[in-house]
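Student: Provided below are the primary sequence and the corresponding predicted coordinates.
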2 protein chains.
Amino acid sequence: MINVSGTLWPVSGRGRPPDPGLEARVHAAALELYGEVGWAGFTLDAVARRARVGKAALYTRWGSKEKLIADALVSWGAEPPQEIESASLRTNLLRMATDILDGYLEPHGLIYLRAQVESRVYPELFGQALEAFQRERIRRGRAIVLAAIERGELPPGTSPALVLDAVAGILTNHFLSTPTSQMPTLLERKDKYVQETVDFVLSAVGYRERGEDDQERAER
Amino acid sequence: MINVSGTLWPVSGRGRPPDPGLEARVHAAALELYGEVGWAGFTLDAVARRARVGKAALYTRWGSKEKLIADALVSWGAEPPQEIESASLRTNLLRMATDILDGYLEPHGLIYLRAQVESRVYPELFGQALEAFQRERIRRGRAIVLAAIERGELPPGTSPALVLDAVAGILTNHFLSTPTSQMPTLLERKDKYVQETVDFVLSAVGYRERGEDDQERAER
């Protein structure tokens, strides 16, 4: 078990061995609780109950809810850099868009949106954790768009930020403004909606699919 | 003072006259507190302190935090239907986009986003208030897009929802992913960003500005 934040386990004179799954369980419980109640409703005691961990262990290890949330967010966001496939921009954006929408629809889906909203109220608390989280996302997104410009799929000078904001923003807005009663319909037509969104954004930036033509040609 | 929710003030045997500004003050305090702390941190006591209103008055009138939040949200969202100007789609969308971004940048800016996030966790609590809030926004947006199709500015069959999701979504995503330290820059280039966003969306749907040409011609 890697100790993500780099701090050492407290050395205790009394003899209980450290619980090896503790950090992962606590992080999972902290993220789950945060998604449900946000910052104001978050307490170390509630996390301890949910993670089935002694309060003492939690307080010794994290000390405050600030530390625990930041730690849990950073460890959650610390995905290993993903390889970018040498597929067309459309294929890459479809994958990205599906990941985003799937992310919202999973149990932890509200954490990121909550933290984004609350970083406006408490920048010192969420700012750093969110930046770590966004860094890899932005790096990947930029690389995908710049590679497409290189291949001649997009006009030179296309703004990666605008393309990425557009895909993520349309999906986020659609998810947020879908009434809960209509979620089953959203799930049903998820793939179609992802496609519509990506094609909408691509037509805004004058996309010409080249990669796939080349690929098709190579496959023939 | 209109009693928005339609309930009567409680008739009390004891003689304090009803405070005519109470409802407005309480709504304002409730919205402010909700924007800061969300549902989990919201208490009637905190609203009473902030609105400088006796707790008894608050409890008698609203009874629970559920009722107060729903009431405050509904009264906030109950804007009178706005006239749609017979300007070009671009002019109308620029105005709408500016309203959205200004809305995020004002003190109450987080309320709507918070309520959207929390309606996923507590649909029974926020669902109705949000729908009331969105109804007028959606009605106006649809009317603007449909009028543009009518005038030949947009191809027939253009989806109003996609156009509106795109404008709102790009702005929302941009606002949420701008680090607090870079907010001054966002404010500075607000008009430019609104224009870029609207033009991006318009080019995705094959917009041809007609209204303004006609108008210019008429003005000549």
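Tutor: Nice, I can see it.

Student: low pLDDT regions in chain A?
Tutor: Along chain A, the model assigns pLDDT under 70 to residues A:1-18, A:79-83, A:211-220.

Student: got the domain ranges for chain A?
Tutor: With domains defined by automatic domain parsing, chain A comprises A:22-76, A:81-219.

Student: do the first one and chain B meet at all?
Tutor: Yes. Counting by C-beta under 8 Å from any C-beta of the partner chain, chain B is contacted by domain A:22-76 at A:35, A:36, A:37, A:38, A:39, A:40, A:41, A:42. Every C-beta, even on glycine, is put in place using the N, C-alpha and C of the backbone.

Student: residue contacts, the residue nearest to residue A:198 when sequence neighbours are not counted?
Tutor: Leaving aside its sequence neighbours, residue A:198 sits nearest to residue A:93 (C-beta to C-beta, 6 or more residues apart in numbering or on different chains; 4.7 Å). For residue A:93, the contact set (C-beta atoms under 8 Å, 6 or more residues apart in numbering or on different chains) comprises A:144, A:163, A:167, A:198, A:201, A:202.

Student: same check on residue A:119?
Tutor: A:125, A:126, A:127, A:130, B:179, B:180.

Student: rerun that using 10 Å as the cut-off
Tutor: Residues in contact with residue A:119 (C-beta atoms under 10 Å, 6 or more residues apart in numbering or on different chains) are A:125, A:126, A:127, A:128, A:129, A:130, A:131, B:176, B:177, B:178, B:179, B:180.

Student: if we can go back for a sec, tabulate the domains of chain A (CSV), appending distance to residue B:103.
Tutor: Formatted as CSV, the domains of chain A follow (distance: least, C-beta to C-beta, whole Å):
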stretch, distance to residue B:103
domain A:22-76, 21
domain A:81-219, 13
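
Student: pull the contacting residues for the nearest residue to residue A:36 once chain neighbours are set aside.
Tutor: Nearest non-adjacent residue to residue A:36, counting by C-beta to C-beta, 6+ apart: residue B:121, 5.5 Å away. By C-beta under 10 Å, 6+ apart, the contact list for residue B:121 reads A:35, A:36, A:37, A:38, A:110, A:114, A:180, B:38, B:39, B:40.

Student: assign a three-state SS to residue A:19, would you?
Tutor: Using DSSP: H, G, I helix; E, B strand; the rest coil, the secondary structure recorded for residue A:19 is coil.

Student: state the distance from it to chain B.
Tutor: 28 Å (C-beta to the nearest C-beta, to the nearest Å).

Student: ok, that residue touching residue A:57?
Tutor: Yes. Taking contacts as C-beta atoms under 10 Å, residue A:19 lies within contact range of residue A:57: 7.2 Å.
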